[in-house]
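> after the sequence you'll find the predicted model.
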Amino acid sequence: MSQRFCEVRLRVRYAETDQMGVVYHANHFIWFEVGRVELLRQFGFSYRDMEQHDGCFIAVVDARCRYKAPVRYDDEVIVRTQLKNVRESLVHFGYELVRVSDGMLLAEGETTHLVTDAEMKVRAIPEKYMRAFQEAVGKSS
């Protein structure tokens, strides 16, 4: 099965750290979002396209992170994002955070999203997005 990944580099800002000089745990989820948004761009569309042109929203219904090592101020980090699975109205992404200087795995995570309309009612993923998602996870339509 062929997987498509997106890698985004970021440098930890001082404001992202806590009193101990370690990145505050919730910031990992912000970085996951950065990776997810860029992965969609890599597929040829954006969240904004989905929302504005198709009334299609991707609501987080589950988010997990396993913290493997501390991330500190000024570390350069790669956010590696992949689409793990897609169903009619469900999308599942996986993430890894890796320190550039030594290749250390800092965290692993995943998010599951339910596709809804503007009234938060579950809906099917529009075909043009579903094709891109299925191609990314190696499924044929």
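Sure thing, it's come through. Residues are numbered from 1 along each chain as shown.
> what residues does the most centrally placed residue in the chain make contact with?
Residue closest to the average C-alpha location in the chain (C-alpha atoms, centre = their mean): residue 36, at 3.0 Å. Contact partners of residue 36, counting by C-beta atoms under 8 Å, 6 or more residues apart in numbering, are 81, 93, 111. The way it works is simple: take the backbone N, C-alpha and C, and place the C-beta from them, glycine included.
> spatially nearest residue to residue 61, not counting backbone neighbours?
Leaving aside its sequence neighbours, residue 61 sits nearest to residue 114 (C-beta to C-beta, 6 or more residues apart in numbering; 4.9 Å).
> buried sites along the one helix or strand that neighbour maps to?
Counting by DSSP states H and E, the element that carries residue 114 is strand 105-116. For strand 105-116, burial by neighbour count (16 or more other C-beta atoms under 10 Å) applies to 106, 107, 108, 109, 110, 111, 112, 113, 114, 115, 116.
> quick one: which of these is nearest residue 63?
Each of the buried residues of strand 105-116 was checked against residue 63 using C-beta to C-beta; the closest is residue 111, at 4.8 Å.
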